[in-house]
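Novice: After the sequence you'll find the predicted model.
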Amino acid sequence: MSVILVFLLVIAGFAGWWLSHQRLTAKPWLEQGLAGDFVGFDRSALPTAKIGLGVFLAVVGCLFSLFTSAYFMRMGLPDWQPLPLPRLLWLNTGVLVLSSVALQCAVIAARKGQIDNVRLGLATAGLTTLAFLVGQLMAWRQLTADGYLLASNPANSFFYLITGMHGLHILGGLVGLGRTSIGAWNGARPQRLRLSVELCAMYWHFLLFVWLCIFALLAGWAATFIDICRQLLT
Amino acid sequence: MVDVTPADAVPPAEVGEVELYHPHSWWTKYVFSQDAKVIAVQYSATATAIGLVALVLSWLMRLQLGFPGTFDFITPEAYYQFITMHGMIMVIYLLTALFLGGFGNYLIPLMVGARDMVFPYVNMLSYWVYLLAVLVLVSSFFAPGGPTGAGWTLYPPQAIMTGTPGGQDWGIILMLSSLILFIIGFTMGGLNYVVTVLQGRTRGMTLMRLPLTVWGIFTATVMALLAFPALFVACVMMLLDRALGTSFFMPAIVEMGQQLQHNGGSPILFQHLFWFFGHPEVYIVALPAFGIVSDLISTHARKNIFGYRMMVWAIIAIGALSFVVWAHHMYVSGMHPYFGFFFATTTLIIAVPTAIKVYNWVLTLWRGDIHLTIPMLFALAFIVTFVNGGLTGLFLGNVVVDVPLSDTMFVVAHFHMVMGVAPILVIFGAIYHWYPKVTGRMLDETLGKFHFWVTFLGAYLIFFPMHYLGLMGIPRRYAELTDMTIMTESAHHLNSFISIMAFIVGFAQMVFLFNLIWSIRHGREAGGNPWRATTLEWQTPQTPPAHGNFGKELPIVYRWAYDYSVPGAKEDFIPQNVPGDFAPSKEPS
Amino acid sequence: MAVVLVLVLIVVGSVLFHLLSPWWWTPIASNWDYIDNTIIISFWITGIVFAAVVLFMAYCVFRFRHREGNRAVYEPENKRLESWLMIVTAIGVTALLVPGLFVWSRFVTVPSDATEVEVVAQQWQWSFRLPGKDGKLGTSDTRDVTADNPLGVAPKDPNGQDDVLVEAADLHLPVGKPIKVLLRSIDVLHDFYIPEFRAKMDMIPGSVTYFWFTPTRTGTFQVLCAELCGQGHPLMHGVVVVDTEQDYLAWLGQQQTFAQLSAPQQSGSANQPPGKTIASNLGVAANSELSRSAQ
């Protein structure tokens, strides 16, 4: 359970940093009045939707940390036989990076108010993301054809489970991306459009990060990395 | 001392008002409503309804335990289905949903001075997904093979094997699906509760001016958002094991002489995931109760909560620590014995902030002006049962003491006292306290007193003696207590007594339900602030609060939530939105 | 006012119940009286705290109940009082924890002269395996379980050939000698629990768990399963008999080894492999009858 504990430590660090700015040691019974000097503590200047998405991403991060923790715990048993990763995953990774880049371009365009570039970015992101999902499905088919079935070995099960769970989150993101695109083509207010494009980009970057971690995990690099850290410590 | 700005000099609340969704029809106003208050009532009603099912199930199992062999229809299969559904419903579908979905939805926006939750649409979806989860759960009663009988912990491998009711039928599949739905629904709601506290607070409502109720619900929600994914992961993996034949939790098994197809799974992995959720879950239920009871005691003792800062810090400390104690549920699970040292220590450390909370509740009563209203009675009863259950927790958390006591009736008695009876007493107190705000009328006092005495004394008489059955060594989850050499004749009599008390306490809940329904029309008119309380929900222009909660302008907060009996003030309470400096610090203390 | 009286009565009643009730632990039959002592310490400390908190609360309610003209004192906090309470609590918690951890370290440190005994659980009966003359248990694997080899002893392992198997019958143990109990399950989670011995541990299919104890008096003790294992869980009883050394050796002489049991001509009805029987009798009643007739 070390991965999830490290993840929670990061969350606790964030929470601690935020709380340390909230004057938790103040004596509230001595502070009547509107308290002009702490109006700033009322709320964050960030848009509420972004904070909401941030909290949601923390939950998603927690979910994948738990999958990773479970993976490491099972991996520790002696009969662990990892399956060979299909080469196709490299291509898929590239495609997913591309969609993240496209969304980042859309964000920049939205900030400058270039609606055509926003549309271009959104469309590219949508198509590359679909390509990623198709690529993942092809990787699954390839593995199945090679005899690495879902139920034949725990390592296989974990592979399908974790990649599948990531794919579902991408699929959910596509719903949001679709709504944003509808807004972009039907002339949503620039302010609003900019916010939704930014939210999409945030989600995509996070899922790309999750994918890179998963990729490292499934390829076995994460385990090697942890071994090296352990050796350095001892 | 901070300068006081005169009220009229303050500009109206200009900061980011939530975009309110205005209902257009009866359907969008009362059914598919996006108003947190309506959603709160929907959550509470659904949780209560499913909770009644769990109450009936507890009667059925008490029939079997108290009068073994008398009721033929309670077969071992049926008994295990009853205990499983009772436990699961009570912990997740009743307590979690009622505290966070019910009280959270109603109180957070009102107490922080917001018009509604920040994402009302997602909030509405949250309820409907929760309802769907409940319906899936209920459907398992009618599925072939009945609901699962794996115990609420759903430990594999037995949870998905033929020797367990529902293991190879629909029961376990529906249970896991329902949990997955619940978690999805909760996450939608939880995002709202957290972000509303972060971003929805009105002007002047700093964190240290929040009522402890909000602190409790807020921290519990943060914990739930981080803990429920563990249950989600466990459920998804077990569902795959059951439905697609994977082996996450299933090692090589010979069942009834047959080798199963599974190979290489780890049952302990499930336990780690389950309890990584399961232990924070205890505090997810407890922290809102802590918060609410603090406000009940303070309001009805007409005194500020003693040591407010310490109370806030303790809530945060308990929330953080509860994530590193999960394996104290697994002392006898065969995990590495050295974990025992670590987890016993962390577990007993949690006792310190928890004890501080208890001291501060009791010290709030000291030199107070205690009105023995029904909410106050329930708060006192909560302290008794919580202290009792918390102290037996020190037995079970202390690793070696847990060895003889684990999986006995002692554990059953302990967790019912600490996370069954205690939080439910708070829920009752809270309902008597806030019912006037929700409906505009008071609950009937005579019926309330009857309900209180029977529930409190009955529940104590059920669960206090039960500890001693566990001390004798009587295991929990036994459908038949026959043929056991340690089970004396007198222990059987004690069990019959406990069962009779359980029926009486259950009956008192019917009186409570009657009171709830009857008082909607016939209760005494309450007025806007019957308890003369300081927090914002009592300062709304209308009672019950109208759509948007606060009329044209949001309230502005000038003080903390506990200005009761301030020296120099005329009344014995000053609402949070009343300006002016009464300067208690200038008084000699 | 009734509430004050009730609060006091709860404290007095609880204490009296604790002292006078007939429901108490079974007479101990192992060396784990350390655990009992730790429980006694816990009862003292927690009992005092419970009585103190509830009685103080009763006093507050009595003394500061609302009367006309009363006004509460305004007292936001009292740092000194809070620090003192925190320190006292920390001391109390330490007093609970430290003895507990000492006993735990004893509990997890198996003495080197402990004899190994293996308990094998399956739905819903107990079997046992004792090392033979070589003093070693052979390896085992759930995948080796067949109708003729219901405990899954590895057929090729020479260490396992002389192991003594006790299938679905009583286990005998010599008094006064430390025993390391190795716990194994071939289907679901079980928990080997004898209330008089205080110790217990789950058994997990796929791995071997353990605990140790020394029986301190002779007698017949009932084994209970303490981990929900399906619908037959409450009927999963077994028997452990603690014998004098002589009686134990006499009993041991009558038992059969793995090699004897798996010899092809063997077809004793008393030792019919339970696997077959269970496969044909799914019902609980039939199964528990089997274990009873075996006793």
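Specialist: That came through, no problem. Numbers count the residues shown, from 1 in each chain, chains lettered A, B, ... in the order given.

Novice: show me what contacts B:L461?
Specialist: Taking Cβ atoms under 8 Å, 6 or more residues apart in numbering or on different chains, we find B:L461 in contact with B:F497, B:I498, B:M501. (Glycine included, C-beta is placed from N, CA and C.)

Novice: Nearest to chain A among those?
Specialist: B:I498 (37.5 Å; Cβ to the nearest Cβ).

Novice: Quick one, grab the pLDDT at the closest residue to that closest one other than its chain neighbours.
Specialist: Nearest non-adjacent residue to B:I498, counting by Cβ to Cβ, 6 or more residues apart in numbering or on different chains: B:I462, 5.3 Å away. Looking at B:I462, its pLDDT stands at 96.

Novice: Just to check, B:I462 is in contact with B:V505?
Specialist: Yes: applying Cβ atoms under 8 Å, one finds B:I462 in contact with B:V505, separated by 6.8 Å.

Novice: secondary structure class for the closest residue to B:L198 other than its chain neighbours?
Specialist: Nearest non-adjacent residue to B:L198, counting by Cβ to Cβ, 6+ apart: A:I51, 6.0 Å away. Secondary structure, DSSP: H, G, I helix; E, B strand; the rest coil: A:I51 is helix.

Novice: And for A:I51, the neighbour number?
Specialist: 18 (other Cβ atoms under 10 Å in any protein chain shown).

Novice: ok, now the one 5 residues further on?
Specialist: When counting by other Cβ under 10 Å, one arrives at 20 neighbours for A:F56.

Novice: Pull the contacting residues for it.
Specialist: Per Cβ under 8 Å, 6+ apart, neighbours of A:F56: B:T187, B:L191.

Novice: Now that we're looking at it, what pLDDT does it have?
Specialist: With respect to pLDDT, A:F56 scores 96.

Novice: which SSE is it in?
Specialist: helix A:48-75 (DSSP states H and E).

Novice: buried sites along that helix?
Specialist: Neighbour counts over helix A:48-75 (16 or more other Cβ atoms under 10 Å in any protein chain shown) mark A:48-49, A:51-75 as buried.

Novice: Name the nearest residue to the residue of the stretch 1-150 of chain C at minimum distance from chain A, ignoring sequence neighbours.
Specialist: Closest residue of the stretch 1-150 of chain C to chain A, Cβ to the nearest Cβ: C:P76 (4.5 Å). Counting by Cβ to Cβ, 6+ apart, C:P76 lies nearest to A:W29, which is 4.5 Å off, once chain neighbours are set aside.

Novice: and that neighbour, how many residues sit next to it?
Specialist: 22.

Novice: Also B:F378?
Specialist: The number of residues near B:F378, taken as other Cβ under 10 Å, comes to 27.

Novice: which ones are touching it?
Specialist: B:L296, B:L425, B:V426, B:F428, B:G429, B:Y432, B:F452, B:F456.

Novice: Name the nearest of the residues you listed relative to chain A.
Specialist: B:L296 (19.5 Å).

Novice: Go ahead and report the secondary structure state at the closest one.
Specialist: Classified using three-state DSSP, B:L296 is helix.

Novice: returning to what we had before: and the residue nearest to B:I498, what element?
Specialist: helix B:445-472.

Novice: How far does that helix sit from its chain's centre?
Specialist: 19 Å (Cα atoms, centre = their mean, to the nearest Å).

Novice: What segments of chain C are strands?
Specialist: Using DSSP state E, the strands of chain C run over residues C:115-122, C:125-130, C:164-166, C:171-174, C:179-185, C:190-193, C:200-203, C:209-213, C:219-225, C:238-243, C:256-257.

Novice: To A:A12, which of those strands lies closest?
Specialist: strand C:200-203 (31.5 Å; Cβ to Cβ).

Novice: Strand partners (parallel or antiparallel) of the closest one?
Specialist: strand C:190-193 (antiparallel) (DSSP bridges).

Novice: Pretty sure the residue nearest to B:L198 sits against A:S44.
Specialist: Yes: A:I51 is in contact with A:S44 according to Cβ under 8 Å; the separation is 6.2 Å.

Novice: list the residues that contact both of these two?
Specialist: Joint contacts of A:I51 and A:S44 (Cβ under 8 Å, 6+ apart) are B:L198, B:Q199.

Novice: Tell me which residue of chain A lies closest to chain C.
Specialist: Counting by Cβ to the nearest Cβ, chain A gets nearest chain C through A:W29, at 4.5 Å.

Novice: hang on, that residue packs against B:Y562?
Specialist: Yes: using Cβ under 8 Å, A:W29 makes contact with B:Y562 at a distance of 7.2 Å.

Novice: any residues in contact with both of these two?
Specialist: What both A:W29 and B:Y562 touch, as defined by Cβ under 8 Å, 6+ apart, is the set B:N304, B:Y308, C:P76.

Novice: Quick one: residues contacting A:L161.
Specialist: Contacts for A:L161 were tallied using Cβ under 8 Å, 6+ apart; they are A:F67, B:V236, B:M237, B:L240, B:T246, B:F248.

Novice: same deal with B:P229?
Specialist: Going by Cβ under 8 Å, 6+ apart, the list of residues near B:P229 reads A:V59, A:C62, A:L63, A:L66, B:I183, B:F277.
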